[in-house]
Every structure is written in C-alpha cells, then in structure tokens.
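1. Only the shape, not the letters, is given here:
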C-alpha cells in the first residue's frame with residue numbers, strides 16, 4: 001500500500017512539472033525600428049498538448065512576410081502581404097517546445 005502512495009505522489013509531481021514547462025518564444029534578433037510597421041508575436045498555451053505560435057507583421061512601405069515555426073520544423077507557416085496589408089502566420093507546436101517568429105521585408 002505504501003508503494004502506491006509513493007507512485008501516486010511521483011505521478012502528481014511529474015504532472016505539475018510537465019504542465020508548467022512551456023519555454024518562452026524566441027524571435028528575430030532585432031525588432032523593426034524607424035519604420036512604418038507593426039509586429040505582434042507570441043505564444044498561447046491552449047492545453048497540455050497544444051501551444052499556438054503566431055506572428056502578425058504589417059508595414060506601409062514594403063511587400064513583406066510573417067513566419068512562424070516549431071523547432072523541429074514539423075510545423076511552419078509563412079504568409080506574404082502587400083504594403084499596407086497585415087501578414088499573419090500561425091502554427092501549433094507542443095507546449096514543451098520553443099516557438100520561433102520572424103518578419104521580413106522585400
């Protein structure tokens with residue numbers, strides 16, 4: 001009986017640790033500055049099985065793109081848009097993975 005109590009405690013502890021392990025978002029090494037642009041990016045953990053990663057980028061000056069991906073490249077999205085139109089990309093990764101968000105001008 002005592003063995004079951006230890007097992008139950010171990011399972012609960014792993015569940016709590018696992019549920020809180022959601023790495024932060026990594027992004028471009030630089031943010032757009034001195035431009036007519038807007039960049040919104042981030043993550044949203046929906047469940048213990050799913051994390052949404054998104055990138056929304058808009059500029060009035062250039063044809064541009066927003067890109068997001070999971071670290072193992074199992075899931076990625078790249079959306080292009082004309083000047084003045086928002087490019088929106090979104091993927092779903094494991095909540096235990098980093099998500100990567102990018103923007104680019106052309």
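-> Happy to help now that I have it. Fair warning: this is a prediction, and the values are worked out from it, not measured in the lab.

2. Please make it C-alpha for all contacts and neighbour counts, starting now.
-> Fine.

3. Now residue 71: which helix or strand?
-> Here residue 71 sits in a region with no helix or strand, counting by DSSP states H and E.

4. likewise the one 3 residues further on?
-> Mapping residue 74 onto the secondary structure by DSSP H and E places it in no helix or strand at all.

5. Repeat that for the one 3 residues further on.
-> Assignment of secondary structure by DSSP H and E places residue 77 within strand 76-81.

6. what does residue 66 give?
-> Using DSSP H and E, residue 66 falls within strand 64-69.

7. for residue 42, same thing?
-> strand 37-47.

8. Who are the packing partners of that strand?
-> Identification of packing neighbours for strand 37-47 by 3 or more C-alpha pairs under 8 Å, 6 or more residues apart in numbering; DSSP states H and E yields strand 50-59, strand 100-105.

9. Touching, residue 75 and residue 94? I think so.
-> No: at 10.2 Å, residue 75 and residue 94 do not qualify as touching, with contact defined as C-alpha atoms under 8 Å.

10. For burial, what's the neighbour tally of residue 49?
-> Neighbours of residue 49 under the rule other C-alpha atoms under 10 Å: 12.

11. before we move on, what about the one 3 residues further on?
-> Residue neighbour count, defined by other C-alpha under 10 Å, stands at 18 for residue 52.

12. Which residue comes closest to it once chain neighbours are left out?
-> Nearest non-adjacent residue to residue 52, counting by C-alpha to C-alpha, 6 or more residues apart in numbering: residue 92, 4.6 Å away.

13. Can you point out the helix or strand that includes the one you found?
-> strand 87-93.

14. and that strand, which residues are buried?
-> Neighbour-count burial for strand 87-93 flags 87, 88, 89, 90, 91, 92, 93 (criterion: 16 or more other C-alpha atoms under 10 Å).
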